[in-house]
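K.L.:
Quick check, what structure comes out for this input:
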Amino acid sequence: MSKLSAKRQITLPVDYCRELGIEPGDDLHCFVANGQLTIIKKDKGAARGLLKNVKPKARISDEESRDSGRS
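P.N.:
Residues are numbered from 1 along each chain as shown. You can find the predicted model right below:
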């Protein structure tokens, strides 16, 4: 099990990294959908279709969306 550090960092279990081909220095993309944190290795097409069933809660402007990510 991973634990969040005081710097808000997590350590990924080595078995998962091996299974997914994640190496030190790889770019990872993190996002929240349906109350779940998802981490994806940044590969072309890796997240394709992942959010197809996620519906927005309300229409907001691009500026409001950017500001919400800064909180």
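K.L.:
can you list contacts of the lowest-mean-pLDDT helix or strand in the chain?
P.N.:
Sorting the helices and strands of the chain by mean pLDDT, DSSP states H and E puts helix 62-68 at the bottom, at a mean of 77. The contact list for helix 62-68, computed with C-beta atoms under 8 Å, 6 or more residues apart in numbering, reads Ile60. From N, CA and C alone the C-beta is placed, and that goes for glycine too.
K.L.:
what's the pLDDT at Ser71?
P.N.:
pLDDT for Ser71: 56.
K.L.:
Run through this protein and note the low-pLDDT ranges.
P.N.:
Within the chain, the segments meeting pLDDT under 70 span 46-47, 57, 69-71.
K.L.:
That one: strands as residue ranges?
P.N.:
28-33, 36-41 (DSSP state E).
K.L.:
Switch those over to a markdown table; also include mean neighbour count and distance to Ile22.
P.N.:
Shown next, in a markdown table, are the strands of the chain (neighbours: other C-beta atoms under 10 Å; distance: least, C-beta to C-beta, whole Å):
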| stretch | mean neighbour count | distance to Ile22 |
| --- | --- | --- |
| strand 28-33 | 11 | 7 |
| strand 36-41 | 12 | 5 |
